[in-house]
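>>> got a predicted model here, sequence first, then my questions.
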Amino acid sequence: MMPSENLNESNQQARQHWMSVIAKSSSEALIDLSDTYINGHRFETIRAAEVGLTQVRGRMGGTGSQFNLGDMTMTRCVVRSSNGYYGHSYIAGRNKEHATRAAQLDAMLQDQTYQQDLITNIIQPLANHLAEQKKRKADEVAQTKVNFFTLVRGED
């Protein structure tokens with residue numbers, strides 16, 4: 001039985017979450033945590049990791065009209081697992097090894113046989129590390145926060 005390309009909404013949200021965690025994590029941590037799981041599996045390379053540019057767009061105030069912010073380097077990769085699942089990845093930067101590993105993990109995570117084990121042993125630790133980094137950064141920024149206020153002068 002071939003895996004379905006159609007994802008229901010909860011599966012799609014789960015996949016978006018794990019791909020976000022994988023893409024934002026450091027390549028060293030990702031590769032260290034996933035080596036034992038990936039080494040025993042075979043993957044067919046559909047699109048080898050390749051570096052390119054993508055255009056980044058922004059909006060003034062988050063709601064205004066769009067403008068071109070600039071270009072960003074990214075690396076993408078597509079693989080197929082031996083069970084027929086396609087793994088895709090888009091990683092900021094030029095790290096081909098990170099993009100390849102992300103695609104391999106995406107393919108494995110779609111397979112119910114491996115999914116819970118991979119989420120518990122790879123995705124959760126990486127997500128926890130990212131949350132700690134985000135909190136640490138927020139604490140650093142909070143230390144430099146300046147509260148401005150206006151004094152009302154009395155009328156003379």
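On my side now, so go ahead.

>>> surely residue 85 and residue 113 touch.
No. Residue 85 is beyond contact range of residue 113, at 10.3 Å (criterion: C-beta atoms under 8 Å). No exception for glycine: its C-beta is placed from N, CA and C like everyone else's.

>>> tell me which of the two has more neighbours.
residue 85 (19 against 9; other C-beta atoms under 10 Å).

>>> could you list the buried residues of the longest helix seen in the chain?
With secondary structure taken from DSSP state H, the chain has its longest helix at helix 124-143. By 16 or more other C-beta atoms under 10 Å, the buried positions in helix 124-143 come out as 126-127, 129-130.

>>> which strands or helices does that helix pack on?
Judged by 3 or more C-beta pairs under 8 Å, 6 or more residues apart in numbering; DSSP states H and E, helix 124-143 is in contact with helix 9-24, helix 27-38.

>>> same thing but 6 Å
When contacts are defined as 3 or more C-beta pairs under 6 Å, 6 or more residues apart in numbering; DSSP states H and E, helix 124-143 packs onto helix 9-24.

>>> contacts for the helix it packs on?
Helix 9-24 has contacts (C-beta atoms under 6 Å, 6 or more residues apart in numbering) with 91, 102, 105, 109, 123, 126-127, 130.

>>> swap in stretch 75-84?
2-3, 42-47, 49, 51, 86-91, 94, 96, 99-100, 103-104, 107, 111.
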